[in-house]
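Trainee: Can you look at this prediction? I've put the sequence above it.
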Amino acid sequence: MIIAVVSGGLDSVTMAYQLARQQEKEIQIVAFDYGQRHRCELNCAQQCAADLGAPYDEVDLRGVGKFLTGSALTDDIEVPHGHYAAPNMAMTVVPNRNAIFLTVAFGIAVARNAEAVTTAVHGGDHFIYPDCRPAFLTAFDAMQRLACQDTGHPDLHLEAPFVNCDKSDIVRIGAEIGVPFEKTWSCYEGGELHCGKCGTCTERREAFQKAGVADPTRYR
């Protein structure tokens, strides 16, 4: 079994589809409700699991999320507009988010006898998200191997297939394997349509353009 951490965004849904085509083992999709501004991504994560015929678990971390203040994703702060590389995008950092998610995912992996945990962090995340960088992933994997070494799961490990890719690479991969991009969500603001202006919407638009793939996203 593979535990796939899926937010419902373009990157993680593409990862789930890629795993479904590459792996002969069962994929367990795990998503996290940490009190984010909206449920659009979570709804897409659940839809992804249904489309792939994979088990879906949603972990309620709202009790933890209420303490992760100071981020535009969890607090009453206006979502900044602009490019991911802009300094104001630091307002979208949720303290220690990936470390928290992955720790829970590894606990699930041990309980369910999984052989790996996968995350869809990618090169475009490296600008402002320290828990998406290769050094963090290497250190976290080493820590979890120590944490799990006496649990009967000595080979349990972390995989990050897109860590050295940019988002346009992920779009190309997704297009090749038939990912329904219209069933993914990127926008930080939520609503019926993507805002088209926040950092992740800007990155999404650029990725489709750079990849030469038609963007099915409806923007406001």
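Mentor: Perfect, I can see it now. Given the structure is predicted, the values throughout are model-derived calculations rather than measurements. Residues are numbered from 1 along each chain as shown.
Trainee: all contacts plus neighbour counts: C-alpha atoms, from now on.
Mentor: OK.
Trainee: What segments of this protein are helices?
Mentor: 10-22, 40-52, 62-65, 97-111, 134-147, 167-177, 199-211 (DSSP state H).
Trainee: could the ones you listed be laid out in JSON lines, adding distance to Asp155, mean pLDDT and mean neighbour count?
Mentor: Shown next, in JSON lines, are the helices of the chain (distance: least, Cα to Cα, whole Å; pLDDT from 0 to 100; neighbours: other Cα atoms under 10 Å):
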{"stretch": "helix 10-22", "distance to Asp155": "18", "mean pLDDT": "95", "mean neighbour count": "21"}
{"stretch": "helix 40-52", "distance to Asp155": "25", "mean pLDDT": "97", "mean neighbour count": "20"}
{"stretch": "helix 62-65", "distance to Asp155": "29", "mean pLDDT": "81", "mean neighbour count": "14"}
{"stretch": "helix 97-111", "distance to Asp155": "11", "mean pLDDT": "93", "mean neighbour count": "17"}
{"stretch": "helix 134-147", "distance to Asp155": "8", "mean pLDDT": "92", "mean neighbour count": "15"}
{"stretch": "helix 167-177", "distance to Asp155": "27", "mean pLDDT": "97", "mean neighbour count": "19"}
{"stretch": "helix 199-211", "distance to Asp155": "34", "mean pLDDT": "92", "mean neighbour count": "19"}
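Trainee: Let's have these in a markdown table, adding distance to Lys183.
Mentor: Putting the helices of the chain into a markdown table (distance: least, Cα to Cα, whole Å) gives the following:
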| stretch | distance to Lys183 |
| --- | --- |
| helix 10-22 | 8 |
| helix 40-52 | 6 |
| helix 62-65 | 24 |
| helix 97-111 | 23 |
| helix 134-147 | 28 |
| helix 167-177 | 12 |
| helix 199-211 | 14 |
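Trainee: Quick one: closest of the ones you listed to Trp185.
Mentor: Closest approach to Trp185 among the helices of the chain is made by helix 40-52 (5.2 Å; Cα to Cα).
Trainee: how far away is the residue in the chain sticking out farthest from the centre from Glu206?
Mentor: Most distant residue from the mean C-alpha position of the chain: Asp150, 28.7 Å away (Cα atoms, centre = their mean). To Glu206, Asp150 is 45 Å away according to Cα to Cα, to the nearest Å.
Trainee: In this protein, which strand is the longest?
Mentor: Secondary structure of the chain per DSSP state E: the longest strand is strand 27-33.
Trainee: counting contacts, what elements does it pack onto?
Mentor: Applying 3 or more Cα pairs under 8 Å, 6 or more residues apart in numbering; DSSP states H and E, we find strand 27-33 packed against strand 2-5, helix 10-22, helix 40-52, strand 56-60.
Trainee: hang on, the earlier thing: if we compare the helices of the chain, which one ends up closest to Ala120?
Mentor: helix 10-22 (5.0 Å).
Trainee: ok, residues contacting the closest one?
Mentor: 4-7, 27, 29, 45, 48, 52, 119-121, 161, 167, 170-171, 173-174, 177, 179, 181, 184-186 (Cα atoms under 8 Å, 6 or more residues apart in numbering).
Trainee: just stretch 54-61 next, same as before
Mentor: Contacts for stretch 54-61 (Cα under 8 Å, 6+ apart): 26-35, 46, 49-50.
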